[in-house]
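S.K.: Okay, structure incoming, though there's no sequence with it:
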C-alpha cells in the first residue's frame with residue numbers, strides 16, 4: 001500500500017507537470033507558445049535521460065534510497081518553477097523535475113517485484129490503479145485553482161504532493177530498513 005501511494009503521488013506530479021507547464025509558462029511568465037513547447041519537450045527529454053542515468057545509479061544505490069533523493073529533487077524543481085520570476089528559473093525547475101521524476105516509477109515497480117515476486121501481477125494492478133487515479137484527479141484540481149486564481153497557485157498543489165511523495169518514501173524506507181534488519185524466518 002505504501003508503494004501504491006508512492007506511485008499515486010508520482011503520477012500526479014508527472015501528469016500534472018506535463019499538462020500544466022506550458023500553460024504556466026505562457027500565462028504567468030508570458031513565454032511564447034513555441035518556446036513553451038520546447039521547454040515541455042526538454043522536460044520529456046530529461047525524463048528519458050533520467051531513466052538512463054537511474055539504470056546505472058541503482059547499481060550503486062538501493063532503489064528506495066534513489067527514490068528518496070528523487071523526491072527531494074522534485075520538491076526543489078517544483079519550487080524553482082512555482083517561484084520563477086523568469087523563464088530561465090522555470091527551465092531549471094522543469095529540467096530538475098524531469099530528471100527527478102524519471103526513476104520513480106521503474107524503481108518503485110522493481111522494488112515491489114522484489115518484495116512480492118510470487119504475486120506481482122496482483123500487486124502491480126493495485127499500484128497502477130492508484131497511479132492512474134491520481135492522473136485523473138489532480139490535473140483537474142489544478143485547473144480549478146488556476147481558473148479562480150493564477151496557474152502558479154495551482155502549481156503549489158504539486159509542491160504539496162511532492163512533499164507527500166517524500167514523506168511516503170521515508171515511510172517505505174523505514175519499513176525496508178526494519179525488514180532488512182529482521183528478515184522473516186523461513
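M.R.: Perfect, I can see it now. What you are looking at is a predicted structure, and each value in this text was computed from that prediction instead of being measured.
S.K.: low pLDDT regions in the chain?
M.R.: Flagging of the chain using pLDDT under 70 yields the residue ranges 183-186.
S.K.: where exactly do the helices run in the chain?
M.R.: Remark: helices assigned in the chain by DSSP state H are 2-28, 33-57, 63-82, 87-101, 104-115, 120-148, 151-181.
S.K.: from the chain's centre, how far out does the last one sit?
M.R.: Averaging C-alpha positions (CA atoms, centre = their mean, to the nearest Å) puts helix 151-181 10 Å from its chain's average.
S.K.: Give the other helices and strands that that helix contacts.
M.R.: Helix 151-181 sits against helix 2-28, helix 63-82, helix 120-148, with contacts defined as 3 or more CB pairs under 8 Å, 6 or more residues apart in numbering; DSSP states H and E. C-beta coordinates here come from the backbone N, C-alpha and C atoms, glycine included.
S.K.: Mind listing what's buried along the longest one?
M.R.: Just to be clear, that refers to helix 120-148. 123, 127, 130-131, 134-135, 138-139, 142-143, 145-146 (16 or more other CB atoms under 10 Å).
S.K.: and what of the shortest one?
M.R.: Of all the residues in helix 63-82, those buried under the rule 16+ other CB under 10 Å are 63-71, 73-75, 77-82.
S.K.: shouldn't residue 106 be in contact with residue 54?
M.R.: Yes - taking CB atoms under 8 Å as the definition, residue 106 is a contact partner of residue 54 at 7.2 Å.
S.K.: so what's residue 44 closest to, chain neighbours aside?
M.R.: Counting by CB to CB, 6 or more residues apart in numbering, residue 44 lies nearest to residue 98, which is 6.9 Å off, once chain neighbours are set aside.
S.K.: cool, and residue 97?
M.R.: The shortest distance from residue 97 to any non-neighbouring residue, by CB to CB, 6+ apart, is to residue 77 (3.7 Å).
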